[in-house]
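# Sequence and predicted structure are below.
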Amino acid sequence: MLKKLWEFTRNTQVWNSIFRHGPPDTARNRGLAVLTNVFLHLHPVKVRKSGIRLRFTWCMGGITFFLFLVETATGLLLMFYYHPTVEYAYVDIVDLREQVPLGVMRELHRWGAHAMVITVWLHMLRVFMTGSYKPPREFNWNVGVLLLVLTLLLSFTGYLLPWDQLAMWAVTVGSNMARATPLLGHEGPGASLMKIGDIALVHAGNDARFALLGGRFVGAGALLRFYVLHCVGIPVVAAILMAVHFWRVRKDGGISGPV
Amino acid sequence: MTDEKATGGAPGDPAAPVPTAAKPAAPTAKASPGAVTRRGFLSTIGVAWTSFAAACAAGAVATGRFMFPNVLFEPPQSFKAGPPDEFLAGTVDNRFKESFGVFVVRDETSLFALKAVCTHLGCTPNWLDAENKFKCPCHGSGFYRTGINFEGPAPRPLERYRVVMADDGQIIIDKTKAYAYEKGEWLNPESFLSV
């Protein structure tokens, strides 16, 4: 009965319009299954045996990607309850824990974020220790470095959103680093050169830190900017770079194996 | 008019340098194979790409400018703090700390405005009356009431803001100018008021 239903489904026009190849029972069809799928084709069609050996890969890149998906899903759910305003931000976080069903959602997002930072570092360590950054993979190493920075920036921007004392002062301290940006930070090297006569071109009201915070101190503008960067800006860039990263693994000869 | 002459006359038909004013467009339309010259094509492409690049650059600059608002919903950078005799000698005044980030300190001979930003990493120190010192809650830096640092990681004293008298006898605290002790700027007559 089930078999009949399965046979029937496989022969419908709907099925055949989605899957343009036969059942994956031959090497060719299995290859086609990957190559004709926009998501799967980022991944190599064939993986070396060593590529799935946990002792070699640690699966840290895969776990990092999985955690990114977890963060996207839980983060999207949190957005239904959270207002990025001075008035509501903190109480919304308390509300998420105390009143909203499945109050563990915010904890999942938070612990997932911590785990993602750890796994992305371990992934980098593994790639370094196995020499997988060497040609022809040097470009992909650089993409990976950018992804590492984006992961840290996601953590940093998310840190402000609970809008408690820890968040405010941690971001005050953290964003003070932007004051020291060369030329573009008002306390940075070369800032004293950026002036016409006595008028400073770069000051606390228009330097790099100001652009990040939308103000001279961590206030309503900073909360909104960090929220937008955290929920849209950085994830979009990270997703694009991840597509490049995975595709380049395939193009650069698959997951590197033991020499 | 001059444009039509240039494109219609030169490439179209070199033997017709004096077209009749009545119908300059007709020969252009007919002379189809010679209508596009190499020079004309390249200069058109050059102009097109230059304008396109200029438009892109202008768009990028305008988008960058978008991130810097014209109006800020922040307290003003300079404000009137009342007459000097509202501040008692030997006290540290907290009333502008929350709103403007300023401590007003008065001793026997002078009055000055300390910037309530720790010189370590930028948190807001608290004035502890009982312990007679400023203490930063973030990493524990301590400052005397003069603003000189004496404990914790802060590398230099708190800064002073510019203070001047307004015509109506009130103090104006101007946060656009700060004076650092280690640069000898506390000798500047606008870094304190003699009272």
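Thanks, I have the structure now. Computed from a prediction, not measured in an experiment: that's the story for all the values here.

# Nearest residue to residue B:121 in space, ignoring adjacent ones along the chain?
residue A:173 (4.2 Å; C-beta to C-beta, 6 or more residues apart in numbering or on different chains). For the C-beta atoms, the positions are set from N, CA and C on the backbone; glycine is no exception.

# which ones are touching the one you found?
Residues near residue A:173 by C-beta atoms under 8 Å, 6 or more residues apart in numbering or on different chains: B:121-123, B:138.

# Strands of chain A, start to end?
A:195-196, A:199-200 (DSSP state E).

# how about the residues of chain B near chain A?
Within chain B, the residues that sit near chain A (C-beta under 8 Å from any C-beta of the partner chain) are B:67-69, B:72-74, B:101, B:121-123, B:137-138.

# which one of the residues you listed is nearest residue A:198?
residue B:68 (21.6 Å; C-beta to C-beta).

# Can you tell me the closest non-neighbouring residue to that closest one?
residue A:206 (5.9 Å).

# Now tabulate the residues of chain B next to chain A in JSON lines and tack on neighbour count.
Formatted as JSON lines, the residues of chain B next to chain A follow (neighbours: other C-beta atoms under 10 Å in any protein chain shown):
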{"residue": "B:67", "neighbour count": "11"}
{"residue": "B:68", "neighbour count": "12"}
{"residue": "B:69", "neighbour count": "12"}
{"residue": "B:72", "neighbour count": "16"}
{"residue": "B:73", "neighbour count": "10"}
{"residue": "B:74", "neighbour count": "14"}
{"residue": "B:101", "neighbour count": "17"}
{"residue": "B:121", "neighbour count": "19"}
{"residue": "B:122", "neighbour count": "19"}
{"residue": "B:123", "neighbour count": "20"}
{"residue": "B:137", "neighbour count": "13"}
{"residue": "B:138", "neighbour count": "18"}
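
# between those residues, which is closest to residue B:172?
Relative to residue B:172, the closest of the residues of chain B next to chain A is residue B:101; by C-beta to C-beta it sits at 15.8 Å.

# right, and that closest one touches residue B:114 too?
No - in this structure, residue B:101 is not within contact of residue B:114 by C-beta atoms under 8 Å, at 9.8 Å.

# Would you mind finding the longest helix in chain B?
helix B:38-66 (DSSP state H).

# Give me the contacts around the helix or strand following that one.
Once the chain leaves helix B:38-66, the next helix or strand it forms, by DSSP states H and E, is strand B:78-80. Applying C-beta under 8 Å, 6+ apart, the external contacts of strand B:78-80 come out as B:96, B:100, B:166, B:170-176.

# hmm, try it at 10 Å
B:96, B:99-100, B:102, B:161-162, B:164, B:166, B:168, B:170-177 (C-beta atoms under 10 Å, 6 or more residues apart in numbering or on different chains).

# Over to stretch A:89-106?
By C-beta under 10 Å, 6+ apart, the residues outside stretch A:89-106 that reach it are A:73-75, A:77-78, A:80-85, A:88, A:107-109, A:111, A:160-165, A:167, A:220, A:223-224, A:227.

# cool, stretch B:93-101 as well?
Residues contacting stretch B:93-101 (C-beta under 10 Å, 6+ apart): A:216-217, B:74-79, B:81-82, B:86-87, B:102-106, B:111, B:113-117, B:124-127, B:129, B:161, B:173, B:175.

# and if we set it to 6 Å?
B:75, B:87, B:102, B:104, B:116, B:127 (C-beta atoms under 6 Å, 6 or more residues apart in numbering or on different chains).

# Would you mind measuring from the first one to residue A:216?
According to C-beta to C-beta, to the nearest Å, residue B:75 stands 10 Å off from residue A:216.

# just for the chain, where's the confidence low?
With no chain named, the answer covers chain A. Segments of chain A classed as low confidence (criterion: pLDDT under 70) are A:259.

# not what I meant, chain B
Residue ranges of chain B with pLDDT under 70: B:1-34.

# all helices of it, in order?
Using DSSP H, the helices found in chain B span residues B:2-7, B:25-30, B:38-66, B:97-100.

# Highest mean neighbour count out of the ones you listed?
Counting by mean count of other C-beta atoms under 10 Å in any protein chain shown, helix B:97-100 has the highest mean neighbour count of the helices of chain B, with a mean of 15.

# Can you give me the separation between the residue nearest the centre of chain B and residue A:225?
Nearest residue to the geometric centre of chain B (C-alpha atoms, centre = their mean): residue B:68, 8.7 Å. To residue A:225, residue B:68 is 12 Å away according to C-beta to C-beta.

# Output stretch A:63-79 in CSV with nothing but the alpha carbons.
The C-alpha coordinates for stretch A:63-79 follow below in CSV (Å, rounded to 0.1, in the frame of the first residue of the first chain):
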residue,chain,number,x,y,z
ILE,A,63,28.4,22.9,14.2
THR,A,64,29.0,26.6,13.8
PHE,A,65,26.7,26.7,10.7
PHE,A,66,24.1,24.7,12.7
LEU,A,67,24.3,27.2,15.5
PHE,A,68,23.9,30.1,13.1
LEU,A,69,20.6,28.5,11.9
VAL,A,70,19.6,28.0,15.6
GLU,A,71,20.3,31.7,16.3
THR,A,72,18.4,32.8,13.2
ALA,A,73,15.3,30.7,14.2
THR,A,74,15.3,31.7,17.9
GLY,A,75,16.3,35.3,17.1
LEU,A,76,13.4,35.6,14.7
LEU,A,77,11.0,34.3,17.4
LEU,A,78,12.4,36.8,20.0
MET,A,79,11.8,39.7,17.6
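
# which outside residues touch that stretch?
Here stretch A:63-79 has contacts from A:105, A:108-109, A:112, A:115-116, A:119-120, A:123, using C-beta under 6 Å, 6+ apart.

# and it, how far out from the chain's middle?
9 Å (C-alpha atoms, centre = their mean, to the nearest Å).

# in it, what counts as buried?
A:63-65, A:67-68, A:70-72, A:74-75, A:77-78 (16 or more other C-beta atoms under 10 Å in any protein chain shown).

# swap in stretch A:149-166?
Here stretch A:149-166 shows A:150-151, A:153-154, A:156-163 as buried, counting by 16+ other C-beta under 10 Å.

# Quick one: the residues you listed as a markdown table, columns for distance to residue A:95 too.
Shown next, in a markdown table, are the buried residues of stretch A:149-166 (distance: C-beta to C-beta, whole Å):
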| residue | distance to residue A:95 |
| --- | --- |
| A:150 | 29 |
| A:151 | 28 |
| A:153 | 27 |
| A:154 | 23 |
| A:156 | 24 |
| A:157 | 21 |
| A:158 | 18 |
| A:159 | 19 |
| A:160 | 18 |
| A:161 | 14 |
| A:162 | 12 |
| A:163 | 13 |
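
# Go through those residues and flag which are in helices.
A:150-151, A:153-154, A:156-160.
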